[in-house]
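Participant: Below are the sequence and a predicted model; questions follow.
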Amino acid sequence: MNHPLHITNSLSRQKEQFIPLNSPFVGLYVCGPTVYGEAHLGHARPYITFDVLTRYMQHLGYKVRYVRNITDVGHLENDADEGEDKIAKKARLEQLEPMEIVELYTNSFHDSMRALNNMPPGIEPRASGHIIEQIAMVNQIIANGYAYESNGSVYFDVINYSKSNDYGKLSGRIIEDLIAGAGSERRELEGQEEKRNPADFALWKKASPEHIMRWPSPWSDGFPGWHIECSAMSMKYLGETFDIHGGGMDLLFPHHESEIAQSKGSCGKAPVKYWMHNNMITINGQKMGKSLGNFITLRELFTGEHKLLTQSYSPMTIRFFIMQAHYRSTLDFSNEGLQAAEKGMNKLLAAAALTSKLKPSTTSTSDVKGVRENAYAALNDDLNTAIAISHLFEGVRIINSVYAGTEQLTADDIAHLTETMNLFAYQLLGLKDEIEASGDELDGVMQLLLSLRADAKSKKDFATSDRIRDELIKLNFTIKDEKDGTIWTKS
RNA sequence: GGUCGCGUGGCCGAGCGGUUAGGCAGAGGUCUGCAAAACCUUGUACAGCAGUUCGAAUCUGCUCGCGACCUCCA
């Protein structure tokens, strides 16, 4: 492949050529959702980003094992609710079993992912199904001297670990600051007094009596710490060292930093070669997040049922909107931005569909090979989907011009361009047509109406012909009169 | 307070020292009975100040503004 893929590695903060540890196999782990609520727009970003990455790597010939977890064991919530388990708390509110909540939101998450046309990961392990592996890992870390038990809980000993390891390398933290409890507004966290040092983090937490989600362990009835699940499950399915670990930038610290420490603390090896982090989606310039309460769920976007939405947006519009920005930039939500994405995407897909109607010429007036080369170059340059799309619009221009007769393409070039559009728009960027497929019956009815309209037009009876068109428009049909007939589509 | 990042034309959003990003919207034109679509043309952009350079939106410094992480968060 003469198009080497480069990706930004958070470890080095630089673009690096992607070279798999064990080509052609690629191990990819992406932090999945905590299933205690509906997935929102912010969740769509990493999963679309890494879906495109997976699609592209597969296209390049790699055998990708894509692992994405479901976090269904509760984590501490240190807000006004005083450290209740998020899932347990929600369960009590709704009078449901914790696992019912987990199931509900897991299914909902899957529905949204499917709607966005994200391919399912190859393995989607649940944290609750890997308690044994997590306990084993904690045991190993204790045995290696990097963790200690305290009152039924187990904490990672950051100080001791740092003597021979560089805790903070990924996130740029300075260990002394963490030890000092830096941050003038650092909150008083529950269980702080159990730690030897403020920088230490939990590997296992003893459950308080009201804590519903709990599992037996050598130390207490409790639950695993927040970071250990990803370490245990990535190691189980991808090995001690694998290629790419992805997730949102907000997970960089402490989550991913701690994952590195846990893996090195247990097996002595750094777990990941390339760390990739997508930036946040913002709303009014501020991060969209659960805790801020400023999120719009994917379901709300699909239905338009949210006070900030002026209309509904289809899953593909969301996908296109996200891909029109580079994954490492923040992306600001707005109705205007979404509407622009919707129109642009429809234009792109309409042109892609038009390729089958192009008539070949003996010469070409545009460089169709450049479109493909540029699109490849964009994806190779840190998965720059925004640039790739901009080049596809050059393809759109060519297609429409050829169709309009102002440009010409040879049969070979038409085939080349068609293949490019299909490859990038559908296969790699993962777009799909959302226009309802029409049955033969509907098409028959439409042809009848359009022929009546054509008759009226030929008699200059424009009142009748416009009436037919206007009424159809009200029913969300689009009618286009072209040189050799009338085309209709249903939106 | 510490670490990191951002500030681009009406809106969104690329950009990594010199060449048109692109989309949406706007204006004009072609086509059309009209419309829709498409095509062509088009606009005042790089927060501010100073510096480096033949040349800076792109590098350096300062100023202003915004944000992320440091606590659960994609």
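Facilitator: Yep, that arrived.
Participant: use CA for all of it now, contacts and neighbours both
Facilitator: Noted.
Participant: Where does chain A get nearest to RNA strand B, which residue?
Facilitator: RNA strand B sits closest to residue A:248 of chain A, with a gap of 2.9 Å, by C-alpha to the nearest atom of the strand.
Participant: any idea of the pLDDT on that residue?
Facilitator: Note on residue A:248: pLDDT of 96.
Participant: Show me what it bridges to in the sheet.
Facilitator: residue A:278 (DSSP bridges).
Participant: That one: how many residues sit nearby?
Facilitator: Residues lying near residue A:248 (other C-alpha atoms under 10 Å) number 21.
Participant: Tell me the spacing between it and residue A:373.
Facilitator: From residue A:248 over to residue A:373 the distance is 30 Å, taken as C-alpha to C-alpha, to the nearest Å.
Participant: And residue A:277, how far from residue A:294?
Facilitator: The spacing between residue A:277 and residue A:294, counted by C-alpha to C-alpha, is 22 Å.
Participant: which one of these two has more residues nearby?
Facilitator: Ranked by neighbour count (other C-alpha under 10 Å), residue A:277 and residue A:294 place residue A:277 first, with 23 against 15.
Participant: Wait, the more buried one touches residue A:244, no?
Facilitator: No. Applying C-alpha atoms under 8 Å, one finds residue A:277 not in contact with residue A:244, separated by 10.4 Å.
Participant: Name the spans of chain A whose pLDDT lies under the cut-off.
Facilitator: Applying pLDDT under 70 to chain A flags residues A:1-3, A:75-84, A:92-95, A:180-191, A:437.
Participant: check which helix or strand covers the residue nearest the centre of it.
Facilitator: For chain A, the residue nearest the mean C-alpha position is residue A:47 (1.7 Å; C-alpha atoms, centre = their mean). Assigned by DSSP states H and E, residue A:47 belongs to helix A:41-59.
Participant: which parts of the next helix or strand after that helix are buried?
Facilitator: Once the chain leaves helix A:41-59, the next helix or strand it forms, by DSSP H and E, is strand A:63-68. In terms of neighbour count (16 or more other C-alpha atoms under 10 Å), strand A:63-68 has its buried residues at A:64, A:65, A:66, A:67, A:68.
Participant: Same check on stretch A:208-217?
Facilitator: By neighbour count on 16+ other C-alpha under 10 Å, the buried set for stretch A:208-217 is A:211, A:212, A:213, A:214, A:217.
Participant: which ones are touching the fourth one?
Facilitator: Okay, so that is residue A:214. By C-alpha atoms under 8 Å, 6 or more residues apart in numbering, residue A:214 lies in contact with A:207, A:221, A:222, A:223.
Participant: mind listing what the closest residue to the first one other than its chain neighbours touches?
Facilitator: Closest residue to residue A:207 apart from its sequence neighbours, by C-alpha to C-alpha, 6 or more residues apart in numbering: residue A:222 at 4.3 Å. Contacts were defined as C-alpha under 8 Å, 6+ apart; by that measure residue A:222 touches A:204, A:205, A:206, A:207, A:208, A:213, A:214, A:215, A:216.
Participant: Keep only these that also lie close to RNA strand B.
Facilitator: Applying C-alpha under 7 Å from any atom of the strand, the subset of those adjacent to RNA strand B is empty.
Participant: Would you mind giving those residues as CSV with secondary structure added?
Facilitator: Output for the contacts of residue A:222, formatted as CSV (DSSP: H, G, I helix; E, B strand; the rest coil):
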residue, secondary structure
A:204, strand
A:205, strand
A:206, strand
A:207, coil
A:208, coil
A:213, coil
A:214, coil
A:215, strand
A:216, coil
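Participant: Of those, just say which sits nearest to residue A:257.
Facilitator: Nearest to residue A:257 among the contacts of residue A:222 is residue A:204, at 17.2 Å by C-alpha to C-alpha.
Participant: Leaving out the residues flanking it, which one is nearest to that closest one?
Facilitator: Nearest residue to residue A:204, sequence neighbours excluded (C-alpha to C-alpha, 6+ apart): residue A:224, at 4.4 Å.
Participant: Now do the contacts for that neighbour.
Facilitator: By C-alpha under 8 Å, 6+ apart, the contact list for residue A:224 reads A:73, A:131, A:134, A:135, A:202, A:203, A:204, A:205.
Participant: switch to 7 Å and redo it
Facilitator: By C-alpha atoms under 7 Å, 6 or more residues apart in numbering, the contact set of residue A:224 is A:203, A:204, A:205.
Participant: same question, residue A:278
Facilitator: By C-alpha under 7 Å, 6+ apart, the contact list for residue A:278 reads A:46, A:247, A:248, A:249, A:327, A:328.
Participant: which of those residues lies closest to residue A:268?
Facilitator: residue A:247 (23.1 Å).
Participant: what's the burial count for that closest one?
Facilitator: 23.
Participant: That one touches residue A:28, doesn't it?
Facilitator: No. Counting by C-alpha atoms under 7 Å, residue A:247 stays clear of residue A:28, with 10.8 Å between them.
Participant: I figured residue A:388 hits residue A:381, correct?
Facilitator: No. With contact defined as C-alpha under 7 Å, residue A:388 does not reach residue A:381; the gap is 9.9 Å.
Participant: So between those two, which is more surrounded?
Facilitator: Counting neighbours by other C-alpha under 10 Å for residue A:388 and for residue A:381 shows that residue A:388 has the greater number, 26 against 21.
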